[in-house]
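K.L.:
Dropping the sequence and predicted coords here.
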Amino acid sequence: MADRVPELDRPLGDVLLAPTRIYAKQILSLIQDFPVKGIAHITGGGITENLPRVFPKGVRARITRTAWSVPPIFDVMSRLGQIEREEMYRVFNMGIGLILVVPPEAVSGVLARAAVLGDQGWQIGEILSSAEEEAEVEYVE
C-alpha cells in the first residue's frame, strides 16, 4: 500500500505491516542482572487486558499515559476508525510492546540496560495494592 497519511513518515501499508518485535535478547540480558517480577507482552488486548495477567492477587497498576509518546499510527487509527481513547488502550499496545514489572529500586538500572541494548524504555507506572472492586489497570495523565 502506497497510500500516505499526513501524520505518518512512511506509507500507511509499511506502518501497518511492520514486523512484530522480538524481545528475547533484551529479556535474557535483563533477567540475569535484575529482579524482574513479571513480563507482559502487550498484544491484542492492549495494556488493559495483558498486564493484569502477570499480577498476583491483590495488586493493580496505575499507568501514566504521558510517560511515553504514543506513535502517530494510533492517533490515525483512532481518528479514521472513530475509536474512543479507552477502547484504543484496551485493544492496542499504544507503542508499548513489552512491560517489565520490577521493584522501584531496579527501574533506573533496567532503563539504562535497555538503552545499552538499543531500546528506549520508560517507567510507565507503578504497582499498587488493590481492593477487589478496583480496576486492575488505572490510567492517569
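P.N.:
Done, it's in.
K.L.:
what's around Ile31, how many residues?
P.N.:
12 (other Cβ atoms under 10 Å). Every C-beta, even on glycine, is put in place using the N, C-alpha and C of the backbone.
K.L.:
So for it, what's the pLDDT?
P.N.:
Each residue has a pLDDT score; the one for Ile31 is 97.
K.L.:
contacting residues for Ile27?
P.N.:
Counting by Cβ atoms under 8 Å, 6 or more residues apart in numbering, Ile27 makes contact with 36, 39, 98.
K.L.:
Beyond the helix or strand containing it, next helix or strand please.
P.N.:
Taking DSSP states H and E as the definition, one finds Ile27 inside helix 24-33. Counting by DSSP H and E, the next helix or strand C-terminal to helix 24-33 is strand 38-41.
K.L.:
Mind listing residues that contact that next one?
P.N.:
Contacts with strand 38-41, where a contact means Cβ under 8 Å, 6+ apart, come from 23, 27, 50-51, 53-55, 97-101.
K.L.:
Show me the strands paired with that strand, marking each as parallel or antiparallel.
P.N.:
Strand partners for strand 38-41, identified by DSSP bridges, are recorded as strand 98-101 (antiparallel).
K.L.:
Let's check: the centremost residue of this structure is which one?
P.N.:
The centre of the chain sits closest to Ile96, judged by Cα atoms, centre = their mean, with a distance of 2.5 Å.
K.L.:
Leaving out the residues flanking it, which one is nearest to that one?
P.N.:
Closest residue in space to Ile96, ignoring its immediate chain neighbours: Ile42 at 5.3 Å, by Cβ to Cβ, 6 or more residues apart in numbering.
K.L.:
Pro103 too?
P.N.:
Sequence neighbours aside, Pro35 is the residue nearest to Pro103 in space, at 5.8 Å (criterion: Cβ to Cβ, 6+ apart).
K.L.:
per-residue confidence for that neighbour?
P.N.:
On pLDDT, Pro35 comes in at 98.
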